[in-house]
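*Asks:* Here you go, sequence then predicted model.
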Amino acid sequence: MTLPAALHRLAQSLRGGWQRHPEAWLLTVAAAGLSLALLRPPLPVHEELVHALLVVDITQSMNVPDGTWDNESLPRIEQAQRAIGELLRDLPCGSRIGLGVFNEYRTFVLLAPLEVCGNFRELQATLDSIGNRMSWAGASEIAKGINSGFQSVKELPDKPAFVMFTDGHEAPPISMKHRPRINVTPGEFGGVLVGMGSLRPQPIPKFDPSGNRIGFWQADEVAQVDIYSKGREGSVAGESYVEDPADQNKPKDAEMPKAKAGQEHLSSLHEPYLQLLASETGLGYLRLSGRGQLHDALLANHASTSRLVGGDGRWVLGLLALLALVSVHLGWRLWQYLPLNTLRTRYPGAFARCEHLLASVTARLRGRSALPRD
């Protein structure tokens, strides 16, 4: 007997059994689907896996309580922690996240990027430990911190995306005409600058060495202007500063707008400054205000890659078993519940093609079954 003839005979036998006992066949399908689901079969799916180093600004202005999360007011640094915690819970397995902090003019890596599912407890414990008591200096030189962050990323395997949570508050204040030059080519790194806080200036809480709040910083306790005619002294040997050639012939007092004298003891989100830094580095910019924003911003700013991973195939088998059980309950001739006449009228071409394909397959099977038997 030829293979086509054997297959045709098997099909006829199965069709006869189906017509005599359809409920038994459907229950068998349901049982098989549920049994196979217990084996947790993988289902290949495409997922966006994030690979990024997340750096939190731990300078004192990040303690200003003008952040929001679920309609709750909280310090900016806690808002950053909640956003990162949500991200860790939502990312698919295979994503890799590292954590770091920024203070003074340096970025310090606490954890190199780790796979989120296998290292969730370590990532969450490190995230919970981040706070203002980790601060080692009172300065906050944002542009230099970004340069330091890019250097850290270069030294990590696979060059993860760079994400920094900050309010953009430079302390001491900086002249916009003479500021540190960003040492990367725009687009060299993926990532996001995440703006924290409100646009309305707020007093900055002051803490003692034990972490207890002892009031707010006053105007006479904070440097109010950039005391250097060409920016601050370099923190790193050979550090270059932005010099606009168009400014060479301008009077010395013709500078870009900067913070008003007497306001540096207050802090707000310096959004135009962060947007400028983002444009110079090729990073995205996000003003954080609610759930889901961080994940979307990472996907939109080259912090993820699409890969084929082994997803959970149990839902497919479970759905098959459910359809079989519903069919037993409603009667196996489910087609009678479908509006076939309406569909045939609305999509005549599709129905005609399906009927032609079914007729050709049936004719081919019948032709092969007529071949001589061995």
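*Replies:* Cool, got the structure. In this text, all values refer to a predicted model and were calculated from it rather than measured experimentally.
*Asks:* ok, Trp136 - contacts?
*Replies:* Contact analysis of Trp136 by Cβ atoms under 8 Å, 6 or more residues apart in numbering lists 103-104. For glycine as for every other residue, the C-beta is placed from the backbone atoms N, C-alpha and C.
*Asks:* Tell me how far it lies from Phe108.
*Replies:* According to Cβ to Cβ, to the nearest Å, Trp136 stands 9 Å off from Phe108.
*Asks:* what does Thr185 give?
*Replies:* 24 Å.
*Asks:* before we move on, what about Ala297?
*Replies:* Taken as Cβ to Cβ, the span from Ala297 to Phe108 is 23 Å.
*Asks:* Check what pLDDT Arg346 gets.
*Replies:* pLDDT, Arg346: 71.
*Asks:* Please point out which parts of stretch 66-81 sit buried.
*Replies:* By neighbour count with 16 or more other Cβ atoms under 10 Å, stretch 66-81 contains the buried residues 66-69, 75-81.
*Asks:* Looking at those, spot the one nearest Leu274.
*Replies:* Arg76 (13.1 Å; Cβ to Cβ).
*Asks:* Contact partners for the closest residue in space to Asp312 that isn't next to it in sequence?
*Replies:* Closest residue to Asp312 apart from its sequence neighbours, by Cβ to Cβ, 6 or more residues apart in numbering: Leu43 at 6.3 Å. By Cβ under 8 Å, 6+ apart, Leu43 lies in contact with 310-313, 316.
*Asks:* which SSE is Leu43 in?
*Replies:* strand 42-57 (DSSP states H and E).
*Asks:* Parallel or antiparallel, which strands does the next helix-or-strand element following that strand pair with?
*Replies:* Using DSSP H and E, the helix or strand that follows strand 42-57 in sequence is strand 67-69. Strand 67-69 sits in its sheet next to strand 72-74 (antiparallel), going by DSSP bridges.
*Asks:* Which SSE is immediately downstream of the strand it pairs with?
*Replies:* Using DSSP H and E, the helix or strand that follows strand 72-74 towards the C-terminus is helix 76-90.
*Asks:* So in that sheet, which strands flank whichever helix or strand comes after that next one, and in what orientation?
*Replies:* The helix or strand immediately downstream of helix 76-90 is strand 96-103, counting by DSSP H and E. Sheet pairing of strand 96-103 (DSSP bridges) gives strand 42-57 (parallel), strand 106-115 (antiparallel).
*Asks:* tell me the angle of strand 96-103 relative to helix 76-90?
*Replies:* 170 degrees (axes from the mean of the first three to the mean of the last three Cα atoms, to 10 degrees).
*Asks:* follow-up on the earlier one: quick one, which of Thr185 and Phe108 is more surrounded?
*Replies:* For Thr185 versus Phe108, neighbours defined as other Cβ atoms under 10 Å are more numerous around Phe108 (17 against 9).
*Asks:* That one reaches Gly98, doesn't it?
*Replies:* No - the pair Phe108 / Gly98 is not scored as a contact, 11.5 Å apart, by Cβ atoms under 8 Å.
*Asks:* What distance do you get for the residue positioned nearest the centre of the chain to Asp128?
*Replies:* With distances taken as Cα atoms, centre = their mean, the residue of the chain nearest its centroid is His295 (2.7 Å). Using Cβ to Cβ, His295 is found at 20 Å from Asp128.
*Asks:* Also Val45?
*Replies:* Taken as Cβ to Cβ, the span from Val45 to Asp128 is 32 Å.
*Asks:* neighbour count winner among those two?
*Replies:* Using other Cβ under 10 Å as the criterion, Val45 and Asp128 rank with Val45 on top: 13 against 10.
*Asks:* Now that one: closest residue in space, sequence neighbours ignored.
*Replies:* Per Cβ to Cβ, 6+ apart, closest to Val45 is Gly311, 3.8 Å.
*Asks:* so the one you found bridges to which residues?
*Replies:* Going by DSSP bridges, Gly311 forms beta bridges with Leu43.
*Asks:* what about it, how many residues close to it?
*Replies:* 17.
*Asks:* same deal with Ala125?
*Replies:* 10.
*Asks:* name the element it belongs to?
*Replies:* Going by DSSP H and E, Ala125 is in helix 120-129.
*Asks:* And that helix, what's buried?
*Replies:* In helix 120-129, counting by 16+ other Cβ under 10 Å, buried: 120, 123-124, 126-127.
*Asks:* same thing with stretch 82-100?
*Replies:* Across stretch 82-100, burial judged by 16+ other Cβ under 10 Å covers 82-84, 86-88, 91-92, 94-100.
*Asks:* What is the nearest of the residues you listed to Leu38?
*Replies:* Of the buried residues of stretch 82-100, the one sitting nearest to Leu38 (Cβ to Cβ) turns out to be Pro92, at 23.0 Å.
*Asks:* hang on, isn't Glu170 packed against Gly145?
*Replies:* No - Glu170 lies out of contact with Gly145 (Cβ under 8 Å); the separation is 9.8 Å.
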